[in-house]
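# Dropping the sequence and predicted coords here.
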Amino acid sequence: MSDIYLDNNATTACDPKVVEAMLPYFLEQFGNPSSIHSFGSGVGRAVSKARKQVQELLGAEHDSEIIFTSCGTESDNTAILSALKCFPNRKEIITTAVEHPAILALCAQLEKEGYTIHRLKVDGKGRLDLEEYRKLLSPNVAIVSVMWANNETGTLFPVEEMVEMAHAAGIQFHTDAVQAVGKVAIDLKSTKIDMLSVSGHKLHAPKGIGVLYLRRGVRFRPLLRGGHQERGRRAGTENAASVVGLGKACELALEHIAFENVQVKALRDRLEQNILSQVPHCFVTGDPVNRLPNTANIAFEYIEGEAILMLLNKKGIAASSGSACTSGSLEPSHVMRAMDIPYTAAHGTIRFSLSRYNTQAEIDRVIEAVPPIVAQLRKLSPYWGEDGPVAEPEKAFAPVYA
Amino acid sequence: MWEYSEKVKEHFYQPRNVGVLEGANGVGDVGSISCGDALRLSIQVNPDSEVIENATFQTFGCGSAIASSSALTEIIKGLTIEEALKVTNQDIADYLDGLPPEKMHCSVMGREALQAAVANYRGVEWKDDHEEGALVCKCFAVDAVMIEDTIRANGLRTVQDVTNYTKAGGGCCACHEGIEEILAKVLAAQGIAFDPEAGKAAEPEPLPIAASAKPGKAPLTLVQRIRRIEAVIESIRPNLRMDGGDAELVDVDGNTVYVKMTGACSGCSMAAMTIGGIQQRLMEDLGEFIKVIPADKAVAVREPRTSAAAGA
């Protein structure tokens, strides 16, 4: 039996059709798309085609609004730093407490450099308080950056509504849509979003390619200066093969968006409902009624996530965890902490993220594997008694912490 | 994911001595805030002989926390309390054929659980004197709290100082930004501004023997050369001893220097870096190419194993 990959929010397999589309651009079509000769012009046409494919998936009005970058992180950094350069007198940024590190680590650095960072809080289900947001909007804010979908829980934020509020206050709005693109329908021309980040490897394109969508007319300053590539907005010779791959991946994503929201979602729900009914003391984190169709994040109380992952891995199942041990940091996931999930549950969160390649047979194998693994680890846990948590677990076991 | 040894995986998949211990007369509950892991160790001590006759554990934690707990119970069963208290976290890590640097605190938690259980058996209150912070230097597994304490205790001013005292930052150098931030924070609390350029003045004095020998171009005699090599190794030993290890010069053969690594250095996953460090210092000091080889490897090189020869 082959292994089962349920970690598609971390990265995805390249679609074979994507690889096929890319292959000619290594050996035969190796030219520089900027060159005038025949070696280059074919590549130039291929890049143009890819740009249109991305434009179509995002529902952008113009293909020139698509800027190819090296990854989602570069797109995020470019967007925020651009706004700071465009509005040098505005020293505040609004973001959320549950963003990806590509935003949070940059903001932490900017804070050290003197900027004020407002991190919007979330409630127990990972939802924002738009009243808190409204009060922070002021002429001192250079940019608002809010993710479209959370990578850990899949919870969706109302970015289309939030951009209206930002614009009413005269503030640029960026969204990190790395997890959303290809999984939720996006039509940028019917929104006011100024900038949006895409990462290729989250939607079956290769790693090392991303996109920054930049609405026509929005003030912008490039991160990388040099050549005239991407109309001078992102210098550096195009990663032509990967650009072609991303184009193809976007075309395929558009074809499969209904599949993601019906079949993949049904598999996710089957997985989640069966685990919840068979395993006591576990619960879904995030907002179950408003989230990505492929993501299920389940907290297994009184056990630790890395141990669960190791036992899953032994059964050939790949998932990920919000425990501190898997991140190498001191704390469980910042997303779980922001939602105020207790430590004994936050350390035991497991994210199952599906793709269109998963089958029902695979999901049924996972449903079979999970309950005994949880039971096995609970037997080791000082918070767990014969067949349930010990009475008043927090009091019965209160270790001296160092 | 972490690179766990086969021994760690084995103890994780089939942990020994799990559960509540009926008749336990010593229980230690400890946790590591840096991981959210927690461990309850139960021991049954014979009051006459003070021998630990049985030990079990319950652990809320990751793979290496569970494996460390399992290893601890295996190690201490049959030991007297006195013997068991001599078990170090390095012993636990060694028993498991090593742990990744980020996971060494799992073995520390094991040792602390033992101390707590013994204190509980003796009816005294156990106080933890060990505080742990975020891992800063991944090469030498040095955390932020240790760096902060060392800066305060020794009035350190530069990244080079921190490296000299804690080894942090002495490997890949990727954590120098983090060390600078800690220096700036600790120094600011003392009303001192951190000066990244101050390192130049704080360079340690060159070894006297090296300084005096430098002007002379005359080739060293064999005895002089070995003394020089010994002096360099001597200068490194205090750092190694701080980690419970040591190094000793065994032989010099042309450009090859054989060094015996002992204590915690022996079998440590960082031994290769320490050897590299000694080699670098020797080359700088003697001004020639020097190859440092661990003495145990030298034996293997000189006397090829017959089994390997037969297999080939």
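Looks like it came in fine. Numbering: from 1, shown residues only, chains lettered A, B, ... in the order given.
# Would you map the strands across the stretch 51-200 of chain A?
Per DSSP state E, counting those that start in this stretch, the stretch 51-200 of chain A has strands spanning A:66-69, A:92-96, A:116-120, A:141-145, A:172-176, A:195-199. These are given in chain order.
# As JSON lines, these with mean pLDDT and distance to A:I317 would be great.
For the C-beta atoms, the positions are set from N, CA and C on the backbone; glycine is no exception. Supplementary listing: the strands of the stretch 51-200 of chain A in JSON lines, determined by pLDDT from 0 to 100; distance: least, Cβ to Cβ, whole Å:
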{"stretch": "strand A:66-69", "mean pLDDT": "98", "distance to A:I317": "33"}
{"stretch": "strand A:92-96", "mean pLDDT": "98", "distance to A:I317": "31"}
{"stretch": "strand A:116-120", "mean pLDDT": "98", "distance to A:I317": "34"}
{"stretch": "strand A:141-145", "mean pLDDT": "98", "distance to A:I317": "34"}
{"stretch": "strand A:172-176", "mean pLDDT": "98", "distance to A:I317": "28"}
{"stretch": "strand A:195-199", "mean pLDDT": "98", "distance to A:I317": "24"}
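# In a markdown table, list these along with distance to chain B and mean neighbour count.
Conversion of the strands of the stretch 51-200 of chain A to a markdown table gives the following (distance: least, Cβ to the nearest Cβ, whole Å; neighbours: other Cβ atoms under 10 Å in any protein chain shown):
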| stretch | distance to chain B | mean neighbour count |
| --- | --- | --- |
| strand A:66-69 | 25 | 25 |
| strand A:92-96 | 21 | 23 |
| strand A:116-120 | 17 | 18 |
| strand A:141-145 | 24 | 24 |
| strand A:172-176 | 25 | 29 |
| strand A:195-199 | 22 | 29 |
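# now B:C268: how far from B:L240?
Distance from B:C268 to B:L240, counting by Cβ to Cβ, to the nearest Å: 10 Å.
# Do you have the strands of the stretch 101-250 of chain B handy? List them.
For the stretch 101-250 of chain B, the strands identified by DSSP E, counting those that start in this stretch occupy B:135-137, B:142-143, B:245-253, in order along the chain.
# for those strands, which one ends up most surrounded?
Ranked by mean neighbour count under mean count of other Cβ atoms under 10 Å in any protein chain shown, the strands of the stretch 101-250 of chain B are led by strand B:135-137, which reaches a mean of 25.
# which regions of the chain lie under the pLDDT threshold?
Using chain A here. Applying pLDDT under 70 to chain A flags the ranges A:324-330, A:401-402.
# switch to chain B, that's the one I care about
Within chain B, the stretches falling below the threshold (pLDDT under 70) are B:1, B:32-35, B:129-131, B:199-217, B:267, B:269, B:297-312.
# can you point me to the longest helix in it?
Taking DSSP state H as the assignment, the helix of chain B that covers the most residues is helix B:222-242.
# mind checking how far A:R127 is from A:V159?
Counting by Cβ to Cβ, the gap from A:R127 to A:V159 is 13 Å.
# Outline the domain layout of chain A.
In the domain annotation for chain A, the residue ranges read A:4-8+A:256-381, A:16-253 (automatic domain parsing).
# A:R127 and A:V159 - which one has more neighbours?
More neighbours surround A:V159 than the other of A:R127 and A:V159, with 24 against 17 (other Cβ atoms under 10 Å in any protein chain shown).
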